[in-house]
Each structure stands twice: as structure tokens, then as C-alpha cells.
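> Kindly return the folded structure for what I paste below:
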Amino acid sequence: MSQTEKRESLKLLIEAFNTGDLSLLEKCLAPDAKYTFYGTTKFAGVNDARENIRNLAKEAFPEGIKFWIRQIVVDGDYGAIHWEDLATRSGLRYHNYGVFFVQFEGNKIKHIWEYIDYERFKVFLEYGHYQRNVGESHF
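So this is what the prediction gives:
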């Protein structure tokens, strides 16, 4: 598969988060796609990607989340998206930076590893504290 098709799969993954249209996952995820989420929250572990994304959308970001893509890199069967995100829940603000590192199967994503500041995520998810700015920002 071409690098262009793989880049489009990565963009579709972000579009699914940004729009809340999780049906887009069928166009970019392999049938048995996995999602590795690090940290100590209830989302941590290696899980079914579709289920994990649905649970994140419903429980962590019920008001939605917006990602801004800073960079996409594709190299053979692997790729990465460097991003910035912003969300609110019950008036509380969440802002973070991170990277999805992925493995492809053909032009679809087979495995996602998410790397973020998990302490910031945990505080937002479990304690509801306001998130401080983390540096230069698109938002």
C-alpha cells in the first residue's frame, strides 16, 4: 500500500475523534485492531481499538475532543501522528500534546500506541482539576 493511503488512514482516525463519527473507524482500522493506552486509568492496557475509542469518547470526552495534527510520518508498515488536543467536560478544560504511533496492516491501522502526559489526563478524568497550559499551542 502507498504512503498516501496510510496517511489518509491516520487522518481518518483523527477525523473520527474530531467529529465524533466513529463509523469512520471502519475505514481506517483493521478488523482486529488493538489500542495500547499507558498509565493507571481504567483505559490502560492493550484493548480492542474500536471499543477503547468508543469508551474514551463516551466517558472521558462526552462533549467531544478536537485534535490538531502537527505532523504525520509514514515509514513502511509504521506511522506516527504528533498532535495537540483540546476538550472540555462540565466546564473543565483539558489540553495536551501527544503521539499516536501505529502499525499498519495493508493501508489500515493494526495497532495504536498512545503517548501523552498521562498525569494530565488522569487529573482531568479522575479529579476534575483545571488543566494548565503546556506550552506553545494551536488552540
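> residue ranges of the strands in the protein, please?
29-37, 45-48, 65-75, 78-89, 92-105, 108-116 (DSSP state E).
> any weak-confidence spans in this structure?
Scanning the chain with the threshold set as pLDDT under 70 gives 1, 128-136, 138-139.
> run the last query once more with 50
Segments of the chain classed as low confidence (criterion: pLDDT under 50) are not present in this model.
> Show me the contact partners of the lengthiest helix in the chain.
Taking residue count as the measure and DSSP state H as the definition, the longest helix of the chain comes out as helix 3-19. Contact partners of helix 3-19, identified using CB atoms under 8 Å, 6 or more residues apart in numbering, comprise 21-22, 24-25, 27-29, 53, 57, 64-67, 69, 72, 74, 79, 81, 83, 100, 102, 104, 107-109, 112. No exception for glycine: its C-beta is placed from N, CA and C like everyone else's.
> Quick check: buried residues in it?
Going by neighbour count (16 or more other CB atoms under 10 Å), the buried part of helix 3-19 is 6-10, 12-18.
> Provide the angle between the direction of that helix and the direction of strand 108-116.
60 degrees (axes from the mean of the first three to the mean of the last three CA atoms, to 10 degrees).
> quick one, helix 3-19 and strand 29-37 angle?
Computed by the same axes, to 10 degrees, the angle between helix 3-19 and strand 29-37 is 60 degrees.
> Return the set of buried residues in stretch 96-112.
Neighbour-count burial for stretch 96-112 flags 96-104, 107-112 (criterion: 16+ other CB under 10 Å).
> Please apply the same query to stretch 29-42.
Within stretch 29-42, the residues that count as buried by 16+ other CB under 10 Å are 29-30, 33-37, 39, 41.
> In contact with residue 58, which residues are there?
Counting by CB under 8 Å, 6+ apart, residue 58 makes contact with nothing.
> run the last query once more with 10 Å
Going by CB atoms under 10 Å, 6 or more residues apart in numbering, residue 58 touches residue 22.
> Alright, I will stop here.
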